[in-house]
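[1] Any chance you can model this:
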Amino acid sequence: MTRARPRFHLAFPVDDLEAARRFYGGVLRCPEGRERPGHWIDFDLHGHQIVAHYAPEDCRVAGASDADGKAIPARHFGLILSWPAWEALRDRLREARADFLIEPHVRFAGKPGEQATMFVRDPAGNALEFKAFRDERMVFAKGAPTNG
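    Okay, the predicted model is just below:
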């Protein structure tokens, strides 16, 4: 019997379910799952279940911490993609005029932990990070660069 890999589940607040549908379903191309109209929508984020819950009172900008001189949102989620998939998403987000918190860029160029990263906000203000590593073995590697 083969066990399925664990799937991540994340629920997050939004203040407009239709705006969330356009962003997650349209821009990010996440297939929709179940929904309870007016309350929540499930999305498939590369095999992981994320759920946009209508909770406008919980939509607020989180604090930030410093990394490479940039304000990184303390509360964010996202994916580690292959380099070509990251580039394709970067282009799609630019075309959609996404709200970039941190513009797409490459950190640690030429070093073992080289990675591409970008931060965007969804229409409700939730922060998402998408990144790609030149060498995926560096995702959890100790001793890889942590500050440029």
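
[2] contacts, neighbours, all on C-alpha from now
    Fine.

[3] which outside residues touch stretch 82-91?
    Applying Cα atoms under 8 Å, 6 or more residues apart in numbering, the contact partners of stretch 82-91 are 28, 104, 116, 118, 130-134.

[4] Pull out the buried positions in it.
    Buried residues in stretch 82-91, defined by neighbour count with 16 or more other Cα atoms under 10 Å: 82-83, 86-87, 89-90.

[5] same deal with stretch 130-146?
    Going by neighbour count (16+ other Cα under 10 Å), the buried part of stretch 130-146 is 130-134, 136, 138.

[6] would TSV of the buried residues of stretch 82-91 with pLDDT, distance to residue 50 and secondary structure be doable?
    Formatted as TSV, the buried residues of stretch 82-91 follow (pLDDT from 0 to 100; distance: Cα to Cα, whole Å; DSSP: H, G, I helix; E, B strand; the rest coil):
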residue	pLDDT	distance to residue 50	secondary structure
82	95	20	coil
83	96	23	helix
86	97	19	helix
87	98	22	helix
89	97	18	helix
90	98	20	helix
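
[7] ok so, going back, so which of the contacts of stretch 82-91 are in strands?
    Under the assignment DSSP state E, the contacts of stretch 82-91 contribute 104, 116, 118, 130-133 to strands.

[8] in this structure, which helix or strand is least confident?
    strand 64-67 (a mean of 86; mean pLDDT, DSSP states H and E).

[9] Spatially central residue in the chain, please.
    A centroid search over the chain (Cα atoms, centre = their mean) returns residue 78, at 2.5 Å, as the residue closest to the centre.

[10] got a list of what it touches?
    With Cα under 8 Å, 6+ apart, residue 78 has these contacts: 128-130.
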